[in-house]
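Trainee: requesting a structural model of the entry that follows:
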Amino acid sequence: MDIRAVFDRVSLREIAPDSFSLLIEGKRGNLLSMLSTPGGKGPHPAVVLSHGYPGNEQNMDLMQFLRALGFAVLTYHYSGSWGSDGDFSFRSCIEDANTVLNCLLHRAADYAIDPARIYAVGHSMGGFVTTHLLATRKELRGGVLIAPWDVARTYALSKVDGECRQNLSEVLSCGYGWLRGITPEKFDAELSRDTDALRLDKLAPKLQNVPVLCISGKGDVVTPPELHQLPLRDAMAGSKSFRHVTLPGDHCFQAYRPLLWETVGEYLLDLEK
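Mentor: Take a look at the predicted model:
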């Protein structure tokens, strides 16, 4: 894919790209959100883009690339994060993603969006959220999981495996001081209560016919593929709609961002055909 040509084509659109700040009302208050539209007459396909935990990497470069390809992109912040109302929890993140999708479907006509061509993309914890969204929302045409974090599976294994326990502790600690209403005790209570319901590999039966691309980072030490993505891949064995690829790079693919853009963009364009 010629990335320069992709962006050059944006300037040729009769209607310019635009962005709209949205306050989406959720179960715990307002969710700070932004809808970025691609320009042109539409109707446009759209992507719900979910960021990770606690959200330092927003993947806005990926948003801009997808918008240049012709997708409207809705980004948002979970309850208890980055100014959104309420307290943070893993369950609430899934609920927030559903709320955001509902808003996009309800207001599709306002922004020249085709409600039959909506996709979900998520990175890290956003991949966790996106997996749950794809498993339950038939309105979605497919999606991409970028280094998804299977926090619940890691929690289950942490009871018997010291390496898993260390991985979970290190990742969870990144949220303290950033996210509202979280403590180690609250995380433990939630993950203990909802372990199987939150595990990504347990969602495999609901994903069998959903077009999904799962991307792993070869050098990812935050969500190591063998712990977080390969179990889902193995659980999806035999599915013709599930695809797994490994790219070079770390958890955020910091040295390979254009390759990540291309991989995600080409997959979504294939689903558009």
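
Trainee: residue ranges of the helices in the protein, please?
Mentor: 3-10, 60-69, 90-106, 125-136, 151-158, 162-173, 184-193, 195-198, 204-207, 225-228, 230-235, 257-272 (DSSP state H).

Trainee: for residue 245, find the nearest of these.
Mentor: Ranking the helices of the chain by distance to residue 245, with C-beta to C-beta as the measure, places helix 257-272 first at 6.8 Å. Glycine gets a C-beta too; all of them are placed from N, C-alpha and C.

Trainee: list the buried residues of that closest one.
Mentor: Residues of helix 257-272 classed as buried by neighbour count (16 or more other C-beta atoms under 10 Å): 260, 261, 262, 263, 264, 265, 267, 268.

Trainee: who does the longest strand anywhere in the chain pair up with?
Mentor: Using DSSP state E to define each element, the chain has its longest strand at strand 113-123. Counting by DSSP bridges, the strands paired with strand 113-123 are strand 44-50 (parallel), strand 140-146 (parallel).

Trainee: so for it, mean pLDDT?
Mentor: Model confidence over strand 113-123, given as mean pLDDT, is 98.

Trainee: give the buried residues for that strand.
Mentor: Along strand 113-123, these residues count as buried under the neighbour rule (16+ other C-beta under 10 Å): 113, 117, 118, 119, 120, 121, 122, 123.

Trainee: can you put these in TSV and add distance to residue 199?
Mentor: What follows is the buried residues of strand 113-123, written out as TSV (distance: C-beta to C-beta, whole Å):
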residue	distance to residue 199
113	32
117	30
118	25
119	23
120	18
121	21
122	16
123	19
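
Trainee: so the longest strand of the chain versus helix 90-106, what angle?
Mentor: Taking axes from the mean of the first three to the mean of the last three C-alpha atoms, to 10 degrees, one finds strand 113-123 and helix 90-106 inclined to each other by 160 degrees.

Trainee: only C-alpha atoms, please: export strand 113-123 in CSV.
Mentor: The C-alpha coordinates for strand 113-123 follow below in CSV (Å, rounded to 0.1, in the frame of the first residue of the first chain):
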residue,chain,number,x,y,z
ILE,A,113,-22.4,6.8,8.0
ASP,A,114,-23.6,3.5,6.7
PRO,A,115,-24.9,1.5,9.7
ALA,A,116,-24.4,-1.7,7.8
ARG,A,117,-20.7,-1.1,7.5
ILE,A,118,-19.5,-0.7,11.0
TYR,A,119,-16.3,-2.3,12.4
ALA,A,120,-14.5,-2.5,15.7
VAL,A,121,-10.8,-2.2,16.3
GLY,A,122,-9.0,-2.3,19.7
HIS,A,123,-5.5,-2.3,21.1
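
Trainee: which of the buried residues of helix 257-272 sits closest to residue 48?
Mentor: Distance ranking of these against residue 48, using C-beta to C-beta, places residue 268 first at 12.1 Å.

Trainee: please look at that closest one and residue 119 and confirm they touch.
Mentor: Yes: with contacts defined as C-beta atoms under 8 Å, residue 268 counts as touching residue 119 at a distance of 5.8 Å.

Trainee: what is in contact with these two at once?
Mentor: 45, 47, 71, 142, 144 (C-beta atoms under 8 Å, 6 or more residues apart in numbering).

Trainee: residues contacting the third one?
Mentor: Going back to what we said before, that points to residue 71. Residue 71 is in contact with 38, 44, 45, 46, 47, 119, 268, counting by C-beta under 8 Å, 6+ apart.

Trainee: neighbour-wise, which of the residues you listed leads?
Mentor: Looking at those with neighbours defined as other C-beta atoms under 10 Å, the largest count falls to residue 46 at 30 neighbours.

Trainee: just want the most central residue of this protein.
Mentor: Central residue of the chain (C-alpha atoms, centre = their mean): residue 122, 1.3 Å from the mean position.

Trainee: list the residues that contact that one.
Mentor: When contacts are counted by C-beta under 8 Å, 6+ apart, residue 122 touches 49-52, 128-131, 133, 143-146, 148.

Trainee: just give me the neighbour total for the closest residue to it other than its chain neighbours.
Mentor: Closest residue to residue 122 apart from its sequence neighbours, by C-beta to C-beta, 6 or more residues apart in numbering: residue 130 at 3.2 Å. A count of neighbours around residue 130, defined by other C-beta under 10 Å, yields 28.
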